[in-house]
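Asks: 3D, please:
(2 chains)
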Amino acid sequence: MEKGGYPFTEIEAQWQKYWETHKTFSATDGTRPKGQLTGGKPKFYVLDMFPYPSGQGLHVGHPEGYTASDIIARYKRMKGFNVLHPFGWDAFGLPAEQYAIQTGTHPAVTTQKNIDNMRRQVKSLGFSYDWDRQVDTTDLGYYKWTQWIFLKLYNSWFDEDRQKARPIEELPIPAELSDAQREQYINDQRLAYEAFAPVNWCPELGTVLANEEVVGGVSERGGFPVIRKPMRQWMLRITRYAERLMKGLDLVDWPESIRKLQTDWIGRSVGASVDFQVDGHEAVIRVFTTRPDTLFGATYMVLAPEHPLVDAITTDVYRPDVNQYRQQAARKSDLDRTDLAKDKTGQFTGAYAINPVNDGLIPIWISDYVLISYGTGAIMAVPAHDERDWEFAKKFELPIIPVVQPTPEAALQTDLAAKLRTEGVKDVVAAVLSAVKRCEICFVGDGVAINSGSFNDLPTAEFKIRITDWLSSRNLGKQAVCYKLRDWLFSRQRYWGEPFPIIHTDDGRTVALSEQDLPLGLPEVADYKPTGTGEPPLAKATDWVNVTLPDGRTGKRETNTMPQWAGSCWYYLRYLDPHNEREPFAADKERYWMPVDLYIGGAEHAVLHLLYSRFWHHLLYDLGYVSTPEPFKKLINQGMILGEDNQKMSKSRGNVINPDKVIEEYGADSMRLYEMFMGPLEATKPWSMQGVEGVHRFLNRLWRTVIDENTGKISENVQESEQDEETQRLLHQTIQKVGEDIESFGFNTAISQMMIFVNHLSKLKIRPKDAIESLVLILSPFAPHICEELWRRLGHPNTLAYETWPAHDPSRTRAQRVELAVQVLGKIKDRIVVPADSDTATIEAAALASEKVRAALAGKPVKKTIVVQGRLVNLVI
RNA sequence: GGCCGAGUGGCGGAAUGGCAGACGCUGGGGAUUUAAAAUCCCCUGCCCGAAAGGGCGUGAGGGUUCGAUUCCCUCCUCGGCUACCA
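Replies: Numbering: from 1, shown residues only, chains lettered A, B, ... in the order given. Presented below is the predicted three-dimensional model:
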């Protein structure tokens, strides 16, 4: 229940109803908002990351970002922008499906119920969303277009020369191919393709997981073990966009840390590919290395256990051991791999490769420290200059040849150097150099070549260039670029996701639906359980699965569904034109609203969601459907909110704060204000109920300052009167600071400033009405309900949402006389009051008039006087 | 192990080269009240002191500067992300 004070429950309900019935926040495409003249308002698109409608309802973390974006949206409207501020639901996902498995309730029913509840909660906070634009990714009218984009991916290829996607019809196809080869050739170029590849299989969940959904070897959801199992999957060729996704980051205004996360995730490295002939075989092993300069130090090779050449090159003697090792590796979960990282394992194949630079024979091993999914799945091992190879070589007693002599600077940065320094060794560099030469330590830095034939004495950087040229000229290798980024595993063995618009015909072909056949709706199924063999629940909907094509061929529908990321990849575009049944969004609306000017959401989506949606956006850009190369201009991450015990909020800890309760007791305005007052938006910070009471007291004080509590009318103290100098100065300072702080997302300090001003006003006997009106306007983005109510009671019949943001007069923010601190040699000795525009000489004279200052000077002459306007004067003696 | 971020009163935080601790919370004292809640006023970094006053103080140590919470170097602690990517 309400805890005394102003009647927020009533006020908030009333204004929420007003906004809804008046469609106050409806955004009009390309023109001014309703009720105003059409004209050239600048647009502003402020977007929240839409939530998954969970059964738990809203968490106090959600309103943090939503309040921040709402403040911006409301502020921008008052600054004369045409604001688009929409909301929606990322509603496909596992929880509703698991609930369905347990109870038999259709996930759509659960989802709708959860959406209704969360929408009620979101609305109770008074956000200025344009609810007519709400989207729901599970809505047939929405996922029709998700499927449409999938078809665009399927029907496109990436032209490396032009660095852009093009329709598959434009793919140049070699002339001499047979029909089957031709089809294969095309399928190999499609941006959506099927692959039979080892994936993360979670037996417990009965589904495949993306790498990102596996955390520390167990499923992110549920914490079940995950093993590697080869299965047929849909993949998206995001890797073709690696370069574009990297370069696009230069166009956006994102936190440096997020850009770096994405850059690292894409993981571009430049090096060389080098071919090693297998001794006595036709086979050639191609490796990728960033250190071609260490080729002379390659003393063995390692293939990933899954490498296709392993079978061919393994000798009969080693075959049983090799096969056993491969089986072991295949079964290993990621957790096992991680755990065993400290202890390398491997198996010799019996085969040898020829080192192209010196024709030396080097043994070929297999080991799971080499990943099939990166580079070529094979490495040349240079134990002297690579930590992993060093460990492996030590364990299996393989030879180590040093080929890089550290530069002095690099030598000093080694661990050994640090150790030697503490031991007081004099010539640290010489000691490190000799340790490298004697193979006592592994050195990974730069230096000068040794033991490298005619390349000796070359510095690392130059060696890399020279050896790459040398290899190219002999057709043994060439410069190469590798990315950590992998193709995106795009299918899930689940029910509650978008069905693929794909049919597998009984004659073994894959046929995509045409766009006219969309949407392909989810069928009803008897139960939602995965079959446990990897076959998805949709396989049980036989009526749906079995189809006959117009040409009489029979086939089965794809029974995998798309991952949750799919719907969230493009929702920001659907908001532009959410009811369009003929296209995902109209081109003119896209051109008007895009790009998103401000995107606010959690840092947990720093990599995946943002990378995936950028990828789709790039595709749509290439195909001409969107006009901006990047979707999200500015990005802000809100921080995490901890429980009152400074721990992550969780049911088990019992420290979860329920937003409904907070709103019930203190009101939505107090909730919003507190979320912003806690601290900087991006920071992790703990909740405090007493803090909520603090801001609530502030709103009560504001109310009492303006309203006579007995009559509910404007207080007699509020009058149309001249502002005294201090009130005027404080008001203008407050207007200025609040505006600047909103622009820089410093909401906490904006609120403090308004608290200072309210504290001042509340002490005045006569409170100038115009000052109060300005205050109400600048507070309204933060606490809209109470401000709307005060605005009305101050005599304004309409909403304040489109009132002009008050202007501050810089000449009124300055005081006429200022107090300065007087320092002698940087230590404060006294304070003086002088006219604000005093010159240095006047200030110095005033300072010298002080007893305390003279005492501190002790008769010494002042050598230098430093004046910081309005702050201090420092006398240097 | 790597990367990113952060260390300021009893607590959340403010100040990013110029008076450290704004604003809020907590705590203490007072006013009001039959009493309480609410409200209002005063105090509230630490140490010495009866006070006046003085000293210390932004994780630790060094440096740059007239002046450093802020910039530079070394180290410590905590949080987040990531993890054999050749």
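
Asks: which residue is nearest the centroid of chain A?
Replies: Most central in chain A under Cα atoms, centre = their mean is residue A:606, positioned 1.5 Å from the mean C-alpha point.

Asks: report how many residues lie close to residue A:652.
Replies: By other Cβ atoms under 10 Å, the residues close to residue A:652 number 6. Every C-beta, even on glycine, is put in place using the N, C-alpha and C of the backbone.

Asks: what's the answer for residue A:844, then?
Replies: Using other Cβ under 10 Å, residue A:844 has 18 other residues around it.

Asks: which residues touch the one helix or strand it maps to?
Replies: Assigned by DSSP states H and E, residue A:844 falls within helix A:840-848. In this structure, residues lying in contact with helix A:840-848 by Cβ atoms under 8 Å, 6 or more residues apart in numbering are A:820, A:822, A:830, A:832, A:834-835, A:838, A:853-854, A:857, A:862, A:865, A:867, A:873, A:875.

Asks: that older thread, wait, isn't the residue nearest to the centre of chain A in contact with residue A:258?
Replies: Yes - counting by Cβ atoms under 8 Å, residue A:258 is a contact partner of residue A:606 at 4.8 Å.

Asks: find the residues that touch each one of the two.
Replies: Residues touching both residue A:606 and residue A:258 (Cβ under 8 Å, 6+ apart) are residue A:637.

Asks: hang on, the earlier thing: buried residues in the helix holding residue A:844?
Replies: Within helix A:840-848, the residues scored as buried using 16 or more other Cβ atoms under 10 Å are A:843-844, A:846-847.

Asks: of those residues, which ones also sit close to RNA strand B?
Replies: Among those, proximity to RNA strand B is found for none (Cβ under 7 Å from any atom of the strand).

Asks: adding pLDDT, write those residues out as a markdown table.
Replies: As requested, the buried residues of helix A:840-848 are exported to a markdown table (pLDDT from 0 to 100):
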| residue | pLDDT |
| --- | --- |
| A:843 | 89 |
| A:844 | 87 |
| A:846 | 87 |
| A:847 | 87 |
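
Asks: now, the most widely separated pair of the residues you listed?
Replies: Within the buried residues of helix A:840-848, A:844 and A:846 form the most distant pair, 7.3 Å apart (Cβ to Cβ).

Asks: quick check: phi and psi on residue A:433?
Replies: As for residue A:433, its main-chain torsions (degrees, to the nearest 10) stand at phi -60, psi -40.

Asks: what's the burial count for it?
Replies: Count around residue A:433 with other Cβ under 10 Å applied: 20.

Asks: with residue A:236 instead?
Replies: Residues contacting residue A:236 under the criterion other Cβ under 10 Å number 25.

Asks: cool, and residue A:430?
Replies: Neighbour count for residue A:430, taken as other Cβ under 10 Å: 12.

Asks: cool, residue A:814 as well?
Replies: Residue A:814 has 13 neighbours, counted by other Cβ under 10 Å.

Asks: for the nearest residue to it once chain neighbours are set aside, list the residues it contacts.
Replies: Distance criterion Cβ to Cβ, 6 or more residues apart in numbering; nearest residue to residue A:814, sequence neighbours excluded, is residue A:836 at 5.9 Å. The contact partners of residue A:836, by Cβ under 8 Å, 6+ apart, come to A:814-818, A:870.

Asks: just to be sure, residue A:479 is in a helix?
Replies: No - read with DSSP: H, G, I helix; E, B strand; the rest coil, residue A:479 is strand and lies in no helix.

Asks: element containing the closest residue to it other than its chain neighbours?
Replies: Leaving aside its chain neighbours, residue A:479 sits nearest to residue A:468 (5.2 Å; criterion: Cβ to Cβ, 6+ apart). Assessed by DSSP H and E, residue A:468 sits inside helix A:460-473.

Asks: can you tell me if that helix touches RNA strand B.
Replies: No - using Cβ under 7 Å from any atom of the strand, we find that helix A:460-473 stays clear of RNA strand B, coming within 10.9 Å at best.

Asks: run a quick neighbour tally on the nearest residue to residue A:73 once chain neighbours are set aside.
Replies: In this structure, residue A:73 finds its nearest non-sequential neighbour in residue A:85, 4.1 Å apart by Cβ to Cβ, 6+ apart. Residues contacting residue A:85 under the criterion other Cβ under 10 Å number 26.

Asks: show me what counts as buried in stretch A:66-82.
Replies: Quick answer for stretch A:66-82 (16+ other Cβ under 10 Å): A:66-78, A:81-82.

Asks: can you name the two of those residues that sit furthest apart?
Replies: A:67 and A:82 (21.6 Å).

Asks: let me see the contact set for the residue nearest to residue A:479.
Replies: A:272, A:292, A:477-479.

Asks: need the buried ones from those residues selected in PyMOL.
Replies: Only the buried entries of the contacts of residue A:468 go into this PyMOL selection, using 16+ other Cβ under 10 Å:
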select buried, chain A and resi 272+292+477
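
Asks: can I get the contacts of residue A:468 in a markdown table with pLDDT and distance to residue A:503?
Replies: Listed next are the contacts of residue A:468 as a markdown table, based on pLDDT from 0 to 100; distance: Cβ to Cβ, whole Å:
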| residue | pLDDT | distance to residue A:503 |
| --- | --- | --- |
| A:272 | 94 | 44 |
| A:292 | 95 | 47 |
| A:477 | 94 | 44 |
| A:478 | 94 | 42 |
| A:479 | 95 | 43 |
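
Asks: what's the closest of the contacts of residue A:468 to residue A:550?
Replies: For those, the nearest to residue A:550 is residue A:478 (48.4 Å; Cβ to Cβ).

Asks: how close does the closest residue to that closest one other than its chain neighbours sit to residue A:270?
Replies: Leaving aside its sequence neighbours, residue A:478 sits nearest to residue A:472 (Cβ to Cβ, 6+ apart; 4.8 Å). Between residue A:472 and residue A:270 the computed distance is 14 Å (Cβ to Cβ, to the nearest Å).

Asks: now do residue A:318
Replies: In terms of Cβ to Cβ, residue A:318 sits 35 Å off from residue A:270.

Asks: with residue A:626 instead?
Replies: Residue A:626 is 31 Å from residue A:270, where distance means Cβ to Cβ.

Asks: the two: who's more crowded?
Replies: Under the neighbour definition other Cβ under 10 Å, residue A:626 and residue A:270 were set side by side, and residue A:626 has more, 25 against 11.

Asks: list the contacts of that one.
Replies: Applying Cβ under 8 Å, 6+ apart, we find residue A:626 in contact with A:573, A:590, A:594, A:617, A:620.

Asks: closest to residue A:380 out of those?
Replies: residue A:617 (38.7 Å).

Asks: in contact with the closest one, which residues?
Replies: A:570, A:626, A:628, A:630-631.

Asks: quick one: low-confidence residue ranges for the stretch 201-350 of chain A.
Replies: A:210-213, A:215-217, A:220-221, A:333-342 (pLDDT under 70).
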